[in-house]
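A.B. asks: this one's structure only:
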Ligand SMILES: Nc1ncnc2c1ncn2[C@@H]1O[C@H](COP(=O)(O)OP(=O)(O)OP(=O)(O)O)[C@@H](O)[C@H]1O
């Protein structure tokens, strides 16, 4: 399983310019997380800080018990070997063919024989769909292939943590879907902890287990995907819907007067070309390709999220319970909230829910209640079995759920 990354109070400035401050989050081991944020909010700086390429001003970033902010150069060198990084452009050496590019970290960092290197490189090229392209130069292949070659190279040292900087940059939506699938498949196969930085809405909605967002030099939120996907936080809502109206402006943020004017114009019927439909709500997550086993990270995440369910905003709780199959609802001893079902005239059929459990999408229900204020009333809170004692049940795949668990800020 991949390594857990615990980040506490991380702050980074360049001179007098603070990029972000007091970022605290935990990347759960073996899960896929994504960090969103408008351009220039410091997402790439965040990735570089995580591998020690940039030094934060304060805070901690702890991996396998080592705080990479304060550790020695030697320790940092060792910790970096746990990482595989896919930079935006693949960062391939232009004069080397794909084989040599992918073999490079093995030749640099290990004493493996050329025959062993050939085996590993062949395996990684195969995994990334590049078998047969090993003799090509980076300049001779498409942007999508360069990304996959960069990913193959990021995999050769068997990383426990994979950082991916904007996997969709320069790619069309179809190639973006393929690279997204590849990331989910890799997570299934090697169970590494993955952090993706992106501003692609579709990728954000369908790929990661956990979602976070940087804005105004702060981490707006970080937690299970359902929290962000059902949030009515204005900046999150604007971002997920790709709207001009909202706090994010052309050069990062707008003043209150501009926002008020835009609201008034919209209320008066002015269209700024933004989509009308509110796409908030939990959509199904991308599954591993057919033929691959169940994703262990997804199974662990489900157990983890069900342990912290009662701490999450009401809409997120609802989205999570709705996305469970009836068997899973029974297993976790939760049920979809019946408040909405009878009032829904034409519920969309959801796989895994019987007629009485059909619940309208959040966007079908009119205004979303503010989920950041308080908790659900006690009678509406999902009942979660307690610790490993009473109520704990064996899972089909082994192990028990209950006990422990992070707060919502810790994903
Ligand atoms: N080495 C550096 N020295 C000084 N400033 C820097 C350095 N690297 C990044 N910055 C500044 O940090 C800010 C955040 O940059 P960063 O590239 O992390 O943003 P981003 O969120 O990844 O943007 P995008 O989505 O457009 O890639 C920018 O204002 C940038 O100019």
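C.D. replies: Looks like it arrived, so ask away. Quick caveat: nothing in here was measured; it's all calculated off a predicted structure.
A.B. asks: read off the pLDDT value for residue 209.
C.D. replies: Residue 209 carries a pLDDT value of 97.
A.B. asks: got the contact list for it?
C.D. replies: By C-beta atoms under 8 Å, 6 or more residues apart in numbering, the contact set of residue 209 is 28, 31, 32, 33, 224, 225, 285, 297, 298, 301. Yep, even glycine has a C-beta here, placed from its N, CA and C like the rest.
A.B. asks: equivalent analysis for residue 160, please.
C.D. replies: Residue 160 neighbours (C-beta under 8 Å, 6+ apart): 1, 2, 3, 82, 83, 192, 193.
A.B. asks: and those residues as JSON lines, adding distance to the ligand and pLDDT?
C.D. replies: Formatted as JSON lines, the contacts of residue 160 follow (distance: C-beta to the nearest ligand atom, whole Å; pLDDT from 0 to 100):
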{"residue": "1", "distance to the ligand": "28", "pLDDT": "84"}
{"residue": "2", "distance to the ligand": "23", "pLDDT": "91"}
{"residue": "3", "distance to the ligand": "23", "pLDDT": "93"}
{"residue": "82", "distance to the ligand": "22", "pLDDT": "92"}
{"residue": "83", "distance to the ligand": "17", "pLDDT": "93"}
{"residue": "192", "distance to the ligand": "22", "pLDDT": "95"}
{"residue": "193", "distance to the ligand": "20", "pLDDT": "97"}
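A.B. asks: now those residues as JSON lines including neighbour count and secondary structure?
C.D. replies: Conversion of the contacts of residue 160 to JSON lines gives the following (neighbours: other C-beta atoms under 10 Å; DSSP: H, G, I helix; E, B strand; the rest coil):
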{"residue": "1", "neighbour count": "14", "secondary structure": "coil"}
{"residue": "2", "neighbour count": "22", "secondary structure": "coil"}
{"residue": "3", "neighbour count": "20", "secondary structure": "coil"}
{"residue": "82", "neighbour count": "21", "secondary structure": "coil"}
{"residue": "83", "neighbour count": "22", "secondary structure": "strand"}
{"residue": "192", "neighbour count": "26", "secondary structure": "coil"}
{"residue": "193", "neighbour count": "26", "secondary structure": "strand"}
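A.B. asks: residues touching residue 302, list them.
C.D. replies: Each residue near residue 302 by C-beta under 8 Å, 6+ apart is listed here: residue 328.
A.B. asks: pull out the buried residues from the longest helix along the chain.
C.D. replies: Using DSSP state H, we find that the single longest helix of the chain is helix 173-190. Applying a neighbour-count criterion of 16 or more other C-beta atoms under 10 Å, one finds 175-177, 179-188, 190 buried in helix 173-190.
A.B. asks: tell me which of these is nearest to residue 247?
C.D. replies: Relative to residue 247, the closest of the buried residues of helix 173-190 is residue 176; by C-beta to C-beta it sits at 26.1 Å.
A.B. asks: name the nearest residue to the residue of the stretch 51-200 of the chain found nearest the ligand, sequence neighbours excluded.
C.D. replies: In the stretch 51-200 of the chain, the residue that lies nearest the ligand is residue 199 (5.8 Å; C-beta to the nearest ligand atom). Counting by C-beta to C-beta, 6 or more residues apart in numbering, residue 36 is the residue found nearest to residue 199 once chain neighbours are left out, at 6.2 Å.
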